[in-house]
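Asker: Just to be clear, the model below is a prediction. Sequence and coordinates:
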Amino acid sequence: QAKEEGREIKLKEIMDPWILQMNYPVVSVSRDFNNPSALHVTQSRFLSDPLAKDPGIQQYRWTIPLTFASSRNASFTQNAQDIQWMYKEERMKTFNLETLLPNCSDPDGWVIANVEQQGYYRVNYQIGNWLALVIGIVNRAQIINDAWSLAKASYIPIYVALEMIDYLDKELDYLPWFTAWRELKYMKAALAFSSLYGAFEEFMKTILGEPFLHFGIMNSSENNLKNHSEMCATSYCCKIFWSSPMDWQPIV
């Protein structure tokens, strides 16, 4: 059982929507810049095909555990006491940002939900918030994964997803690179025989250059994740320079 604002939430109440319904939710988070402390959250069923029609048999609402961090309160170590519940009967809920994250109502800053990706849902933001995000390793992988899934499903423009990987020339951690590589493989297949493929190759050379120079080709680290990062940098460089356009597989 869990409690919030005096309400006792039973495990069955939380789990039934997750077990008995198809799919999972996308949570949309938006700021009201006329009232910087207001944070509006809505939930809906995530559909990867934007043209798919919902038969309307179920309401498709979930009881969702929400956690938040911001550019002024970037706490990524959270526990059960930090959870804010969005109940299955609530399509939209407004939170007071100053109550959730004191001293963080910065209209030019970012807010992130589902801290450390502990909840099983996707998160969408306003374009300005997407472009402002600067965060830790797990959430960097989450942001790349969410942004590309949402872009491919037409929730957000593709340029926003591309912006989420534009920093990769500075990325040295395995998890964000592994996540990004799956999406870059999708892009390579989509552009393989188009006039844009040359520009895509140049982009790949740009983002791969610094990680490759950092790691080199000597896989000598005692750290397993660092070894994976080294293998990724070397393997991806080989693939972009010497493979055929359709011959990409991620390192696992």
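Answerer: Cool, the structure landed.
Asker: Any figure for the gap between Ala132 and Val111?
Answerer: 9 Å (Cβ to Cβ, to the nearest Å). Every C-beta, even on glycine, is put in place using the N, C-alpha and C of the backbone.
Asker: Look at these two and report which has more neighbours.
Answerer: Val111 (25 against 16; other Cβ atoms under 10 Å).
Asker: what's around the closest residue to that one other than its chain neighbours, how many residues?
Answerer: Closest residue in space to Val111, ignoring its immediate chain neighbours: Ser70 at 4.8 Å, by Cβ to Cβ, 6 or more residues apart in numbering. By other Cβ under 10 Å, the residues close to Ser70 number 19.
Asker: Could you pull up the contacting residues of Ser70?
Answerer: Leu97, Leu101, Cys104, Asp106, Gly109, Trp110, Val111, Ile112 (Cβ atoms under 8 Å, 6 or more residues apart in numbering).
Asker: Repeat that for Gln142.
Answerer: Gln142 neighbours (Cβ under 8 Å, 6+ apart): Asn114, Glu116, Gln117, Val123.
Asker: my read: the third one touches Val138, true?
Answerer: This means Gln117. Yes. Gln117 lies in contact with Val138 (Cβ atoms under 8 Å); the separation is 5.9 Å.
Asker: just to revisit the earlier point, among the contacts of Gln142, which two are most distant?
Answerer: Farthest-apart pair in the contacts of Gln142 is Glu116 and Val123; separation 12.3 Å (Cβ to Cβ).
Asker: neighbour-wise, which of the two wins?
Answerer: Neighbour count, other Cβ under 10 Å: between Glu116 and Val123, Val123 has more, with 21 against 17.
Asker: Can you give the strand pairings for whichever strand or helix holds the more buried one, parallel or anti for each?
Answerer: Assessed by DSSP states H and E, Val123 sits inside strand 122-125. Strand 122-125 has its sheet partners listed here by DSSP bridges as strand 25-32 (parallel).
Asker: next one: phi and psi at the residue nearest to Val111?
Answerer: phi -150, psi 170 (degrees, to the nearest 10).
Asker: what comes up buried for stretch 44-51?
Answerer: Ser44, Arg45, Phe46, Leu47 (16 or more other Cβ atoms under 10 Å).
Asker: Which of these fall within helices?
Answerer: The helices, defined by DSSP state H, take in nothing from these.
Asker: so which of those comes closest to Phe178?
Answerer: Phe46 (21.8 Å).
Asker: what sits against the closest one?
Answerer: Contacts of Phe46 (Cβ under 8 Å, 6+ apart): Asn23, Tyr24, Pro25, Val26, Tyr121, Arg122, Ser149, Ala153.
Asker: how about a cut-off of 6 Å?
Answerer: Contact analysis of Phe46 by Cβ atoms under 6 Å, 6 or more residues apart in numbering lists Asn23, Tyr24, Val26, Arg122.
Asker: And those, which of them are buried?
Answerer: Buried among the contacts of Phe46 (16+ other Cβ under 10 Å): Tyr24, Val26, Arg122.
Asker: is it possible to export the residues you listed to TSV including pLDDT?
Answerer: Shown next, in TSV, are those (pLDDT from 0 to 100):
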residue	pLDDT
Tyr24	95
Val26	97
Arg122	96
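Asker: Redo those as CSV? Include distance to Ile64.
Answerer: Formatted as CSV, the buried ones among the contacts of Phe46 follow (distance: Cβ to Cβ, whole Å):
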residue, distance to Ile64
Tyr24, 10
Val26, 11
Arg122, 11
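Asker: Give the other helices and strands that the helix or strand Leu184 falls within contacts.
Answerer: Taking DSSP H and E as the criterion, the element that holds Leu184 is helix 174-191. Using 3 or more Cβ pairs under 6 Å, 6 or more residues apart in numbering; DSSP states H and E, the elements in contact with helix 174-191 are helix 137-152, helix 224-242.
Asker: what does the average pLDDT come to for the shortest one?
Answerer: The predicted model gives helix 137-152 an average pLDDT of 91.
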